[in-house]
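Asker: Below: sequence and its predicted model.
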Amino acid sequence: MKYYERKNQFTSWTRVDLAELAHAPFHNPSKDPKASMLKRFIEDQVKNNFKDMITASSFTKKGKGVRDPHTGKPMVNVTWPPTDKVKSIPISKPNLDGS
């Protein structure tokens, strides 16, 4: 599980990852309006080809001496920088009175 505190942390994701996220099932049992707004924002960015959002770049590198067994072409590795997730998830402490 990864935790992102701010919307701008999603700029560390690639376009492919954000498109997959936009199509993933969305559950918001707490009915938090910020979560629903973020989901709509990402869906809109995918529809508009990320017109208003910066995304991370991915890089391709051909594998030397490694060939795809089906096509015979050199294998291509795709890499991208790590995402900007929060290092520790803030968890609220329970009240001592049990409420």
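Answerer: Ah, there it is.

Asker: so residue 38 sits in a helix?
Answerer: Yes. In this structure, residue 38 lies within a helix as judged by DSSP: H, G, I helix; E, B strand; the rest coil.

Asker: Can you give me every residue that contacts it?
Answerer: By C-beta atoms under 8 Å, 6 or more residues apart in numbering, the residues touching residue 38 are residue 7. C-beta coordinates here come from the backbone N, C-alpha and C atoms, glycine included.

Asker: Could you report the distance from it to residue 7?
Answerer: Counting by C-beta to C-beta, to the nearest Å, the gap between residue 38 and residue 7 amounts to 6 Å.

Asker: could you show me where the strands are in the protein, in order?
Answerer: When secondary structure is read from DSSP state E, the chain shows strands at 59-67, 74-79.

Asker: Mind listing the strands the longest one pairs with, and their directions?
Answerer: Under the criterion DSSP bridges, strand 59-67 sits next to strand 74-79 (antiparallel) in its sheet.

Asker: distance between stretch 43-63 and the chain's centre?
Answerer: Using C-alpha atoms, centre = their mean, to the nearest Å, the mean C-alpha position of stretch 43-63 is found 11 Å from that of the whole chain.

Asker: tell me which residues of that stretch are tucked away?
Answerer: 43, 45, 46, 50, 53, 55, 56 (16 or more other C-beta atoms under 10 Å).

Asker: Show me where the chain dips below the pLDDT cut-off.
Answerer: For the chain, the stretches flagged by pLDDT under 70 are 1-5, 84-99.

Asker: okay, the strands of the chain in TSV with distance to residue 16 next?
Answerer: Below are these laid out as TSV (distance: least, C-beta to C-beta, whole Å):
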stretch	distance to residue 16
strand 59-67	13
strand 74-79	9
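
Asker: And the buried residues of stretch 43-63, which is closest to residue 78?
Answerer: Minimum distance to residue 78 across the buried residues of stretch 43-63 is 11.9 Å, recorded for residue 56 (C-beta to C-beta).

Asker: Report the distance from stretch 33-43 to the chain centre.
Answerer: Averaged C-alpha coordinates place stretch 33-43 at 13 Å from its chain's average position (C-alpha atoms, centre = their mean).
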